[in-house]
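> sequence and predicted structure, then a few things I'm wondering about:
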Amino acid sequence: MIPDMWSMKARMNNQMLVVVCKDLLALISRITNKFPKVGSGDYSYDPEGCIMTYKHWKEQSDIIIVVNHYDPPGIYISNISSSDRTPLRFTVAMEDVELTVPLELGYDVTTSTLYWSDYTKNTIERYSFDTNQHEVFLSKKINQVNGLAVDGPGKKLYWTNAASIFQNRNQNRIEVINLDGTDRKILIDTGLSVPSAIEIDTTNGYLYWTDVVLDKIERVKLNDLSTRTALVTTGLNFPSGLVLAVPHGKMYWCDWNNKVIEEANLDGSNRRTILTGHVTYDIDIYRNYLYWTGVKGVYRVDRKTGKSSKQSSDSRLNDPKGLYIFKK
């Protein structure tokens, strides 16, 4: 017997909210092993059994945002749960925004604004989910931006700027700017080769970054740049991703060439390998899990047990790079 079902469409802030009865969704998924297309694109199944747009996910659940570098270029969004029974179901994060080769992500939780770098346009761009406004935030003296870190409460954006092999290596920099576009500054422009992932510890006032050619993880006190310290200098081979778990006093990184995910204290001590044998590019933390982008998908590993699994088989994630997880 077909279950009771209903649907409702309403236009809110120029977006179409599509709500589909969870019984219908569950029925179709059992028959086809897929979630249906609704409206103008794929929508994701939220914990309450409805498929919704970004604004409504944000109100009800945690979300994950992933960049696909090219073929096709895209930025995708899904709700996220620690349950094994809730796989990631991605939809396009932004309609009518032209992307060429997006690479890295940053997110301002205070204004629901997504930042990303574009590899070929040499830009940092942003999109407000609250107002549906897109703009090129920075385009001057931008090279390859391998990492973005947004301090929403402090209203600042930090990024790593790497020169190409055809450019002056002095263009390797770590920079900061206010989120209103004022007071752009170079924080560090020496002792860098290809600065990559970047993370900010707002609690203790530190900025962390990796260098994928010098194979280092370093940090500096933002109010005293003379405190620059190399935390991890051995056993690295292209440390492309980094995430901090400040309340637990830990940092995690993924190493592209070594195919590992590792853990250490925030000062670099007590280093431990969590996962081996997987190509990893970027990494973020969610509850007891580390999520990473790898070969044609998004994966996760339990930080304590090392048990890993693939979380998405979306064919659009042909070359996933940056990811960000928003936790309510």
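Nice, I can see it. Numbers count the residues shown, from 1 in each chain.

> please enumerate the strands of the stretch 51-200 of the chain.
Using DSSP state E, counting those that start in this stretch, the strands of the stretch 51-200 of the chain run over 51-52, 62-68, 74-80, 91-92, 102-108, 113-118, 123-128, 133-138, 144-151, 156-162, 173-178, 185-188, 195-201.

> any chance of these in CSV, with mean pLDDT, distance to Tyr324 and mean neighbour count too?
Where C-beta positions appear, they are placed from N, C-alpha and C, glycine not excepted. Listed next are the strands of the stretch 51-200 of the chain as CSV, based on pLDDT from 0 to 100; distance: least, C-beta to C-beta, whole Å; neighbours: other C-beta atoms under 10 Å:
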stretch, mean pLDDT, distance to Tyr324, mean neighbour count
strand 51-52, 46, 19, 24
strand 62-68, 95, 5, 24
strand 74-80, 93, 10, 25
strand 91-92, 90, 16, 20
strand 102-108, 96, 5, 23
strand 113-118, 97, 8, 24
strand 123-128, 97, 13, 19
strand 133-138, 97, 16, 14
strand 144-151, 96, 9, 24
strand 156-162, 97, 14, 24
strand 173-178, 98, 19, 18
strand 185-188, 97, 22, 14
strand 195-201, 98, 12, 23
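
> need those strands in CSV with distance to His248, can you?
Listed next are the strands of the stretch 51-200 of the chain as CSV, based on distance: least, C-beta to C-beta, whole Å:
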stretch, distance to His248
strand 51-52, 32
strand 62-68, 18
strand 74-80, 19
strand 91-92, 32
strand 102-108, 21
strand 113-118, 26
strand 123-128, 30
strand 133-138, 32
strand 144-151, 19
strand 156-162, 22
strand 173-178, 25
strand 185-188, 26
strand 195-201, 12
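
> Asn318 is nearest to which of the ones you listed?
strand 62-68 (6.2 Å; C-beta to C-beta).

> report the angle between that closest one and strand 113-118.
20 degrees (axes from the mean of the first three to the mean of the last three C-alpha atoms, to 10 degrees).

> if you count contacts, what does strand 62-68 end up packed against?
If you count contacts as 3 or more C-beta pairs under 8 Å, 6 or more residues apart in numbering; DSSP states H and E, strand 62-68 packs onto strand 74-80, strand 102-108, strand 283-286, strand 289-294, strand 320-326.

> minimum distance to Tyr119: which of the ones you listed has it?
strand 102-108 (4.8 Å).

> contacts for the closest one?
65, 67-69, 73-75, 113-119, 144-150, 152, 157, 159, 179, 282, 321-324, 326 (C-beta atoms under 8 Å, 6 or more residues apart in numbering).

> one more time with 7 Å
With contact meaning C-beta atoms under 7 Å, 6 or more residues apart in numbering, strand 102-108 is reached by 65, 67, 69, 73, 75, 114-119, 145-150, 152, 157, 179, 321-324, 326.

> can you show me the CA trace of it as PDB?
Once non-C-alpha atoms are left out, strand 102-108 reads as follows in PDB (Å, rounded to 0.1, in the frame of the first residue of the first chain):
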ATOM      1  CA  PRO A 102      37.800  26.200  -7.200                       C
ATOM      2  CA  LEU A 103      40.300  24.900  -4.600                       C
ATOM      3  CA  GLU A 104      40.000  25.800  -1.000                       C
ATOM      4  CA  LEU A 105      37.200  26.800   1.400                       C
ATOM      5  CA  GLY A 106      36.700  29.100   4.400                       C
ATOM      6  CA  TYR A 107      33.500  29.900   6.200                       C
ATOM      7  CA  ASP A 108      32.300  32.700   8.400                       C
END
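
> what angle do that strand and strand 156-162 make?
Strand 102-108 runs at 160 degrees relative to strand 156-162, counting by the same axes, to 10 degrees.

> tell me who's in contact with Arg126.
By C-beta under 7 Å, 6+ apart, the contact set of Arg126 is 113-115, 135, 137.

> what does Lys307 give?
Contacts of Lys307 (C-beta under 7 Å, 6+ apart): Val301.

> so, low pLDDT: which residues of the stretch 151-300 of the chain?
Judged by pLDDT under 70, the stretch 151-300 of the chain has its weakly predicted residues at 164-170.

> can we see that at 50?
For the stretch 151-300 of the chain, residues meeting the criterion pLDDT under 50 lie at 166.

> quick check: Ala197 vs Trp256, distance?
11 Å (C-beta to C-beta, to the nearest Å).

> shared neighbours of those two, anything?
Contacts common to Ala197 and Trp256, judged by C-beta under 7 Å, 6+ apart, are Ser240.

> need the helices and strands packed on strand 62-68 in CSV (columns: distance to Thr229).
Converted to CSV, those look like this (distance: least, C-beta to C-beta, whole Å):
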stretch, distance to Thr229
strand 74-80, 33
strand 102-108, 24
strand 283-286, 22
strand 289-294, 24
strand 320-326, 26
